[in-house]
Structures are given as structure tokens and as C-alpha cells.
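[1] Following is a predicted model, sequence given first.
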Number of protein chains: 2
Amino acid sequence: MTDTMLAIGDLERIVEAIMRKAGLSPLHAGALTRVIVAGERDACKSHGVYRVEGCLRTIKAGKVVPDAEPTLARDESAIVRVDAKGGFANAAFELGAPVLVEKARQLGLAALVINNCTHFSALWPEIEALTAHDLAAMAMCPSYASVAPAGGSGPLLGTNPFAFGWPRPDGDPYVFDFATSVAARGEIELYRRAGKPLPEGWAIDRNGAPTTDPEAALDGAMLPFGAHKGSAISTMIELLAGVMIGDLTSPEALDALGTTTLAPAHGELILAFDPARFAEGRAGDPIVRAETLFEAMLGQGARLPSQRRFAARAKARSEGIRLGADEMAMLEHLREKGLDAV
Amino acid sequence: MTDTMLAIGDLERIVEAIMRKAGLSPLHAGALTRVIVAGERDACKSHGVYRVEGCLRTIKAGKVVPDAEPTLARDESAIVRVDAKGGFANAAFELGAPVLVEKARQLGLAALVINNCTHFSALWPEIEALTAHDLAAMAMCPSYASVAPAGGSGPLLGTNPFAFGWPRPDGDPYVFDFATSVAARGEIELYRRAGKPLPEGWAIDRNGAPTTDPEAALDGAMLPFGAHKGSAISTMIELLAGVMIGDLTSPEALDALGTTTLAPAHGELILAFDPARFAEGRAGDPIVRAETLFEAMLGQGARLPSQRRFAARAKARSEGIRLGADEMAMLEHLREKGLDAV
């Protein structure tokens, strides 16, 4: 049982073939493949090929429209809307992103609303698609009720990821993307699969008592990061990226889905800021000034978020992506059996 | 030594007289008085009358322009700009807020940038001024270098407050407003004045070692809330509300001020969202749907942020504001001596 090294393009071809066999239209198969392989490439295992199986389960359960054609609506406002028509969010984002970029340049600040999507990937691929256009970006979405609010006793909030990015002149942007729970649900899933106990403070069981058992945690509730502060930010995400955009909150998404084992359907909110417009008439180039801040952080031994991810990316680009024998077998199984494998 | 009960209007007259005697123009004296008395009224002691003295110290040190006339600039973009001209932020916000409200209604989303201000009050009075117009709002600003980034060893980030609000149909809005440090600098100041040790995990000393001594903490660095996640959010605030708007970051503000005992000068960023515009064409009234979420939180025993503050406000409105003999003596001293008292 040895590891396999795959070129990025080769892994893309494998994953895309699985997605096509599972019934996804070329539009969705391509968009999903790009984010899943990007996750694996960046050694972000909880968003890598491990996700393929869950994606197929969601398709098989009929909880996502595999050939949805997202539609875009715009007006004179700062809001760009994409209706994903029940499909995966990634293709909807790819449709809306160029218009969001255009609006942000025109108005300085703009929002992309994605409705009726099934979301299961990380937010950083979207953030990086915007920082590549010299914009700062913020993204957030609900998930499904699995996190107790601070002081609460059961699942209500989602793991509600919050992501932000800032363009850097040379190479990789400043990007963070994290769950507003102490840990992402995917991380707890990995502990469960590995049969390992969770760190303390990650979760409560169904009776509201602290637990380190991944099964009990998945059956109970996760806890927000940073106590009441993280809980407040998670609530803000329910309000802005659920209620405000007329899409499902995390408790509503769970009710609609009926399970926590499939990818949830809801909406997403992405804000784009044009630093050149915001800094107009002020001294100093914001892109240059930000570097001073980053250098000061690195200078005192702090790491920038995503540094490890970018290092893995550079390595994957030169050496390829390393997959274990079990992962290769899983992919081969999914490629052969399609939806019958899940 | 007994407590004094003051009607809200009476405390406003006392504080405003102090501010006028200290040389503030009526515009600034009025705006500052409103936020300081609002803090005291809401039992938010670290932003109440305790702040008057620091305000006078900042004036006396010549670090704020006491009669600055803020100016407003707008164009076709989503950005409204107010140049505070070196004055306190509060009057600048009051000038910009109506235009921000108008822009948010017009475009769905808009930003108010305040430059060249001295900021020392809480952000929730600004948030509540926007939720009162049925808008959601987000506000943030740097402060001065006093917080170590996660993994770092010394002060670099500010306590960088982050605030958000959502309008509620009856009575008080959903509002949170917190420092992205574990504790606000004002809270550490209160421990210092009371001669009490800090809770564990709030700060490091000047050598980067954990400390519970308020003096050593003020001489060293505070820690961000939620480890690397809070540190990332604090960094985002430096970037968006410092670098991007062409104003000072927290390390720059400290360099410019030369001390941590006066109110810092920098900028501020406030975003306003019109839920009615964002929800257009979607099922359900967002204001009504948000109540379902709040009821579910309260139903499982969680508190909403600011609930305690609103309870104190209701009490202050019916019974008045209670001040201790030491606080009354301090106010009397400041009213009598003006800038000579600090």
C-alpha cells in the first residue's frame, strides 16, 4: 500500500469523470472539480477528495439539481443576484463573480447574493477569485443547525464559515476562511473516521454536556469559537446570509434536508471592496501599506493565515498531489460504480 | 458617601458643561455627551462617565481639534466620506449617517468612511442609529497597537472593535459590539484602578509571557479573542478600516500619538445593508423571519447580546442613572477645573 503522486491536471480528470458519471452537467462537474482538487492541492484535506463521496450522496438523495442552469439578475443597485436553481453553489459563483467585480469597481462596494444553492466547499476559492482582481472580499453562509449558541443547549446555528481576503502584490493573497464553530464539521468527521477523540471544548452531547466523542458530538451540538463573540458572529451570518437574502437559516436548512449527512441547501453572501476606490484622495497606496502590516506580523513570529495552504500548493504544483492507497481506491470505486457506490 | 440618582437629561447637562468648559465646540460637546451618557445609561461603565477624563486629557494634549468642522463628500459610488478634520468621530458620524441611510436605501448596500477622527466611544450608538432606520449595519475601527497577533510576541493590532446590528420590529435591535481582544482596554483600566488581578488568558507582559497584572498587561500586550480566528478578524479590521480607507493602522496610530493613555486618531468604516432591498423578490419578510431565530435562541436559554444593556436603559429611563459619590466628585472636579483638572 504505497502513496500515489498525481499531477494536478490528472487528479482533475479523475474527479471530473466521477462527477460526470454521477450525473452532473459539464458546467457543475467542472466547477465542483476545480474546488475539490484545489482543496486537495492545498492540503486542506477536509475540503479535498474526501468530499467527493458526500457530493455523490447528495446527488443520489435528490437534494441537488445536477444540471441546474443558474441565472443572473442585476439592476442599478450594488446587489448582484444569482439564482442557483437548486444546483451546487460553485457554478453560480462563477457566473456571478465577473459581474460582482465590475460592480465593485463601479461603486467601490458591491454584494453578490447566491440563492437556492447547495453549498459544500470552502469559501477561500471564491475569495481568491476576487483578490485576483485586486479587490478585498468577505464571504459567509449558513450551513445547517449543528452548533449551540453561547449559553444555549442544542444545535441551532450552523458552522457558518466566515472568510476574508486582501490582494497582495506578489503571489498569494492574505486569506482567512474559518468555521465560526470551534472546529469545522468536516474536521469532526475526520476524527470520527479515524476513531480518535475530539479535543476538549469542541462540542456538547445531546443533553448539553461536554463531550470528546465525535459520534456524540455529531449527535449533540458543536460549540462556537470565542464563546459569546463567535456566537454573535455566527448569528450575524444567519441574519445577513440567510434571513436578509431571503434564503434558509441553518435551522431551516436542516428542517428542509432532514439529515446532517448531506450537503445543505441555502444561500451565500459575498461582499467585494475596491481598495483603490476607498483610498481615493488619501495618501499612500493601500496595497503597499498592507505589506508593512504583514511584515510586522511575520517579524514577530506570527503566521499569516493560509500560509501553510500556499506552501502545500507550491509543492503540489512542482511535485504533484500525494494520495494514499485508500483514497485512490475510494476514487476508483466511485469512478467505477458512480451513484451505486454511495 | 451615598449614591446619587440623576435623570438622563440632568447627567447630559453636567457632561455637556464639562465638555464646553474644556473647549469643545457645541457640535462636539453635544455629540460626545450623547454617547458618554448613553454608555452610563446602559450600565456600560467602561464607556460611561469614566471616559470624560480621558477625553479631557486628549484635548489638553492637543491631540484632537476641539472645534473641527467635519466635511462630507459623496459621488455616484456606494461610498460616503466624512473628513472629521482631526475632531472627535461622533460629530462626523452624525453628519454622515443620514447620507449613508439614503445611499443604502438607493443601492441596497453602502459604506460610510470617516477619516482623520479621534475615536474613543463604543460603536453601538452608531449601529443603533442605523437599525433605527430599518437597516442592518456593521462597524469597525482600528485603535492603537496593544494586542499581539496570534503567535506573536508584542503589541501590533489594536483592540479593534467589531459591531453589528439588525433591526427588530418592537423595541430594541439585535446589537453586538465587542473588542477583538479578549477584553477591551477600558476593562483592563478598570481592573488597574480597582487594584484587581486580570483573569488568565487576557494578556502577555513585555517579554511575551502570560500575566494577570493589569500594569504589566498595559505595558505588554493584550491577546486576541478566539486565538487565530479573532486575530484574523482583528487583522481584517486593520486592513478594511485602516489601510483601505487611507487612514492609520493601529501601529501607525500609536506611533503618531506616542502614548496609550490618550484617545487614538484614525478612521472608521461603517457598512449599511437594506434588508428590504436584499430580500426583494424572495419569500418572507426578513424582519419577521429574524424574530424566529431570536426566539429559538432565547428558547434554549441563550441570551441575546446587549440584553443587559437594554434592561439597564429601561431602568435608567424610569428611575434615573445611579452614580457613586466618587463619580459625582470626579464630575464636579472636572466641571470646576476644566482642563486644569487633568
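    Nice, I can see it. Residues are numbered from 1 along each chain as shown, chains lettered A, B, ... in the order given.
[2] Who are the packing partners of the helix or strand hosting A:Leu334?
    Using DSSP states H and E, A:Leu334 falls within helix A:325-337. Counting contacts by 3 or more CB pairs under 8 Å, 6 or more residues apart in numbering or on different chains; DSSP states H and E, helix A:325-337 packs against helix A:8-21, helix A:50-60. C-beta coordinates here come from the backbone N, C-alpha and C atoms, glycine included.
[3] in it, what's buried?
    Buried residues in helix A:325-337, counted by 16 or more other CB atoms under 10 Å in any protein chain shown: A:Glu327, A:Met328, A:Met330, A:Leu331, A:Leu334, A:Arg335.
[4] The residue lying closest to the fourth one once chain neighbours are set aside and B:Asp285, how far apart?
    Using CB to CB, 6 or more residues apart in numbering or on different chains and skipping the chain neighbours, the partner closest in space to A:Leu331 is A:Ile14 (5.7 Å). With the distance defined as CB to CB, to the nearest Å, A:Ile14 ends up 47 Å from B:Asp285.
[5] re earlier: now do the contacts for the residue nearest to A:Leu331.
    Applying CB atoms under 8 Å, 6 or more residues apart in numbering or on different chains, we find A:Ile14 in contact with A:Leu6, A:Leu331, A:Arg335.
[6] Dump those into a markdown table; add pLDDT as well.
    Shown next, in a markdown table, are the contacts of A:Ile14 (pLDDT from 0 to 100):
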| residue | pLDDT |
| --- | --- |
| A:Leu6 | 97 |
| A:Leu331 | 97 |
| A:Arg335 | 95 |
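[7] quick one: which of those residues is nearest B:Tyr144?
    For the contacts of A:Ile14, the minimum distance to B:Tyr144 (CB to CB) is 49.4 Å, reached by A:Leu6.
[8] which residues touch the closest residue to that closest one other than its chain neighbours?
    Distances taken as CB to CB, 6+ apart place A:Ile321 nearest to A:Leu6, at 5.1 Å, with adjacent residues excluded. Listed by CB under 8 Å, 6+ apart, the contact partners of A:Ile321 are A:Met5, A:Leu6, A:Ala7, A:Ile8, A:Leu11, A:Val37, A:Glu40, A:Arg41.
[9] so the fifth one touches A:Val37, yeah?
    Yes: in this structure, A:Leu11 is within contact of A:Val37 by CB atoms under 8 Å, at 5.2 Å.
[10] between these two, what contacts are shared?
    Going by CB under 8 Å, 6+ apart, residues that sit against A:Leu11 and also against A:Val37 are A:Val49, A:Ile321.
[11] Quick one: the strands in chain A, in order.
    Along chain A, the segments classed as strands by DSSP state E run A:4-6, A:71-74, A:79-83, A:109-118, A:136-140, A:161-166, A:174-179, A:203-204, A:210-211, A:221-222, A:265-273, A:321-323.
[12] Give me the average confidence score over the third one.
    Pointing back at strand A:79-83 there. Across strand A:79-83, pLDDT averages out at 98.
[13] and that strand with chain B, contact?
    Yes: contact of strand A:79-83 with chain B (CB under 8 Å from any CB of the partner chain) involves A:Ile79.
[14] For that strand, which strands pair with it and how are they oriented?
    Strand A:79-83 pairs in its sheet with strand A:71-74 (antiparallel), strand A:109-118 (parallel), by DSSP bridges.
[15] for the last one, same thing?
    Its sheet considered, strand A:321-323 pairs with strand A:4-6 (antiparallel) by DSSP bridges.
[16] Relative to the whole chain's centre, how far out is the partner strand?
    Using CA atoms, centre = their mean, to the nearest Å, the mean C-alpha position of strand A:4-6 is found 25 Å from that of the whole chain.
[17] can you list contacts of it?
    A:Ile14, A:Glu319, A:Gly320, A:Ile321, A:Arg322, A:Leu323, A:Ala325, A:Met328.
[18] if we go to 7 Å?
    Residues from elsewhere that reach strand A:4-6 (CB atoms under 7 Å, 6 or more residues apart in numbering or on different chains): A:Glu319, A:Gly320, A:Ile321, A:Arg322, A:Leu323, A:Met328.
[19] residue contacts, A:Ala163?
    A:Ala163 sits next to A:Leu123, A:Trp124, A:Ile127, A:Ala139, A:Phe176, A:Asp177 when contact means CB under 7 Å, 6+ apart.
[20] what about A:Leu218, neighbour count?
    By the criterion of other CB atoms under 10 Å in any protein chain shown, A:Leu218 has 19 neighbours.
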